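Participant: Let's see this in three dimensions:
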Amino acid sequence: MNFDAQDFDESSTSVAHEASKQTRTNAKGAPEHGFIVDPSYVLNEVERAFCELVEIDSPSFHEREMADEMRRRLESIGFTVVEDATKGRQDDSIASLSNTRRFGQLSTTRLAYQRLLHTGSDCGNLFATLPGRGALADADPILFITHLDTVLPAHDKHAVVHADGTITSKGDTVLGADDIAALAIMLVAVKDLERRKADHRPVELACMVAEEVGNVGARAFDFSQCKVSMAYTLDYSADPNEYAYQAPTIQIFTAEVLGHSAHAGFYPEKGIHAIKIAARAIDQIECGRVGDDTTVNIGMISGGRGNNVVPGTCVMRGEVRSYDHEKSVRMIEGIRETFERAAEEFGGKVTFQVKEACRAYSIGEDAPVIARFRRACELAGLPEASGKPTFGGSDNNVCVANGIPGIVIANGMREAHSTSEHVLPGDLLKIQRVVENLLTI
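Facilitator: Coordinates of the predicted model:
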C-alpha cells in the first residue's frame, strides 16, 4: 500500500521472522492458530478466505508460505501459475527492457526503464493466468495487481470478527489487510465466476513480493508477459467506489558528509566538523511543501562518535516527492549541489546517492480503465465512482511506467500500517462484486 519509501532493514525482519516461527505455540506447546468470530456473525466466503490468509505470516522478503498457499488456491480454481526467478539477495542488478514488447521511453523521462534481477525475497513474484469464458473468451484480458507482503508487526497475526462484521487484529499486530484482503478478493471473485459459469474476460493476476519496501517485486516483474491494455492495483485505503488516478515520483537520497576526526579538547583545529557541514546544508534546503505538487524532507541524520571527538562523518537521508518527475530531478540535483557547496566551504567532502522508488503518473479521466471501473461500480449498486490523486507510491507506478494504463482501487483496508488496521463490514464483498463486474462487462 502506498509505501512511505523508507529503506527496509532486511536483517531485522529476518531475525523477527525466525523468532516468530519458534514461538508460535501456546502455553501447552500446541500450535496456536485460528481466527475469532463473534457467535452472532456469519462470515461470507470472501471474509472467511481473508481470515484464513491472515493466519499466514508474510513480512517483506519472507513471503514463501503465502506464495505457496496462493499458488495452491489459484491452481484449484483453474489458473496457470508461474513463479519468476527473481528471488535471492537483492544486489541492485538490473536487466534492460530493450528487448521486451513494452520497451520504450517512460512518460516524462529521458531514461529507459530498467528491471531489477533479484528482490532479496525468499520467493519470486507469482503470475497467474486464467482463460476467458463464453462470449468474452477472446476479449482483452485484464491485469490485477496485488502484493504478498505485509508491514511489521506481522508475526502471529489473527483476525477478530466482531458482531457488526468489522474485522480487526488482536491489537498487537497489523491485520494484514494490506494486501491480504486483495488476495482474498481475487480468489473468491474468480472462483465465483467459474462456479456460476459466467462469461468473463481472460484474467491476469500478479502477486508481487516486497511491495511495502519500495515496489521491489514490481520493479523485478517482467510486465512484457502481460497481454493486457489496462490494469487494476488493489491497494487503496478508501471506499469501494473510490480510485486513485495519480501518484508521484518518489526519490530517496542519502548524503554522507566526510570531514576529519580530531580530539575536541586537545586538537579541535585539526578536525573538519562533519555535523556542522551537514547543518549548514540542511539550513539552506527548503523542506516541507515546495509549491503545490512537491514535498522535500530530510528525515534521518546520524553522526559523531563521542562528545570529545570532532565528528568526521555525518549521514543524512531524505526524500523528494512530486507529481512532476522532472521537477523532482531538479530538486534532487539542487540538494546535491547544496551539500557539495557546504562541504567545500569547510574543507570536507560529500558522497550523494539517489534511488528512485517510483515514477509519477496521471491517468486521464476519459481513459478506458477508469470508464470500466465507473461502470463496474454502477452495476454493483455503489455510489458514483470518485477519483482522487494520492501522494504515495504503489506497484501501479511501475505498471504504468511499463506502458500499461492502470489505477489503484480499494481493497477494504483502513488504518493500514498500524495495529488499528481494520476492515469495515461488507467492504470485501462489495469490492468482490466490483472485480467480477470488471471482468464481465
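
Participant: Next up, the contacts around Arg167.
Facilitator: No, residue 167 isn't Arg; it's Ile. 47, 50-51, 159-161, 175, 177, 422-423 (C-beta atoms under 8 Å, 6 or more residues apart in numbering). Any C-beta I mention is one placed from the backbone N, CA and C, and that applies to glycine too.

Participant: 7 Å instead, please
Facilitator: 47, 159-161, 175, 422-423 (C-beta atoms under 7 Å, 6 or more residues apart in numbering).

Participant: distance of it from Gly304?
Facilitator: Distance, Ile167 to Gly304, by C-beta to C-beta, to the nearest Å: 47 Å.

Participant: In strands only, show me the contacts of Ile167.
Facilitator: Judged by DSSP state E, strands contain the following of the contacts of Ile167: 160-161, 422-423.

Participant: okay, and the helix or strand of the protein with the least pLDDT?
Facilitator: Lowest by mean pLDDT, DSSP states H and E among the helices and strands of the chain is helix 10-23, with a mean of 43.

Participant: per-residue pLDDT, the residue of the chain most remote from its centre?
Facilitator: Among residues of the chain, the one most distant from the C-alpha centroid is Phe266; the distance is 50.8 Å, by C-alpha atoms, centre = their mean. Here, the pLDDT recorded for Phe266 equals 96.

Participant: and if you look at the one 4 residues further on?
Facilitator: Model confidence at Lys270, expressed as pLDDT, equals 96.

Participant: Now do the contacts for it.
Facilitator: Ala262.

Participant: coming back round to it: nearest to Pro405, out of the contacts of Ile167: which one, please.
Facilitator: Pro405 lies nearest to Val423 out of the contacts of Ile167, by C-beta to C-beta, at 28.2 Å.

Participant: hang on, isn't that closest one packed against Gly412?
Facilitator: Yes. Using C-beta atoms under 7 Å, Val423 is in contact with Gly412, at 4.7 Å.

Participant: and Phe61, how far is that from Phe144?
Facilitator: From Phe61 to Phe144 the distance is 23 Å (C-beta to C-beta).

Participant: ditto for Arg433
Facilitator: 15 Å.

Participant: For these two, indicate the residue with more neighbours.
Facilitator: Phe144 (25 against 20; other C-beta atoms under 10 Å).

Participant: And the helices in this structure?
Facilitator: 10-23, 45-54, 64-77, 177-196, 216-220, 274-284, 325-346, 368-379, 395-401, 427-440 (DSSP state H).

Participant: Let me have the ones you listed in a markdown table, extended by distance to Ala210.
Facilitator: Converted to a markdown table, the helices of the chain look like this (distance: least, C-beta to C-beta, whole Å):
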| stretch | distance to Ala210 |
| --- | --- |
| helix 10-23 | 9 |
| helix 45-54 | 18 |
| helix 64-77 | 12 |
| helix 177-196 | 12 |
| helix 216-220 | 4 |
| helix 274-284 | 31 |
| helix 325-346 | 23 |
| helix 368-379 | 25 |
| helix 395-401 | 10 |
| helix 427-440 | 24 |
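
Participant: Among the ones you listed, show me which one is buried the most.
Facilitator: Highest mean neighbour count among the helices of the chain (mean count of other C-beta atoms under 10 Å): helix 216-220, with a mean of 29.

Participant: Drop anything exposed from the contacts of Ile167.
Facilitator: Buried residues within these, defined by neighbour count using 16 or more other C-beta atoms under 10 Å: 47, 159-161, 175, 422-423.

Participant: quick one: which of the residues you listed is nearest to Gly348?
Facilitator: Gly348 lies nearest to Leu175 out of the buried ones among the contacts of Ile167, by C-beta to C-beta, at 47.1 Å.

Participant: contacting residues for that closest one?
Facilitator: Contacts of Leu175 (C-beta under 7 Å, 6+ apart): 54, 157, 159, 167-169, 421-422.

Participant: Check the helices of the chain for me: which has the lowest mean pLDDT.
Facilitator: Mean pLDDT is lowest for helix 10-23 among the helices of the chain, at a mean of 43.

Participant: Find residues that contact each of Val423 and Gly412.
Facilitator: Counting by C-beta under 7 Å, 6+ apart, the residues touching both Val423 and Gly412 are 177, 181.

Participant: Quick check, central residue of the protein?
Facilitator: When the chain is reduced to its mean C-alpha position, the nearest residue by C-alpha atoms, centre = their mean turns out to be Glu211, at 3.4 Å.

Participant: Looks like that residue contacts Asp395 (just checking).
Facilitator: Yes. When contacts are counted by C-beta under 7 Å, Glu211 is listed as touching Asp395 (5.5 Å).

Participant: Give the residues shared as contacts by the two.
Facilitator: Common neighbours of Glu211 and Asp395 (C-beta under 7 Å, 6+ apart) are 147, 218.

Participant: how's the protein carved up into domains?
Facilitator: 10-248+360-440, 249-358 (automatic domain parsing).

Participant: Could you work out the end-to-end span of the shortest one for me?
Facilitator: From its first residue to its last, domain 249-358 covers 5 Å (C-alpha to C-alpha, to the nearest Å).

Participant: out of everything not next to it in sequence, what's closest to Glu45?
Facilitator: Computed as C-beta to C-beta, 6 or more residues apart in numbering, the closest residue to Glu45 that is not its neighbour in sequence is Val188, at 5.2 Å.

Participant: Roughly how far does the one you found sit from Glu194?
Facilitator: Taken as C-beta to C-beta, the span from Val188 to Glu194 is 11 Å.

Participant: pLDDT below threshold where in the stretch 1-150 of the chain?
Facilitator: By pLDDT under 70, the weakly predicted segments of the stretch 1-150 of the chain are 1-33, 91-113.

Participant: Tell me where it has strands.
Facilitator: For the stretch 1-150 of the chain, applying DSSP state E, counting those that start in this stretch gives strands covering 36-37, 80-83, 94-96, 114-116, 126-130, 142-147.
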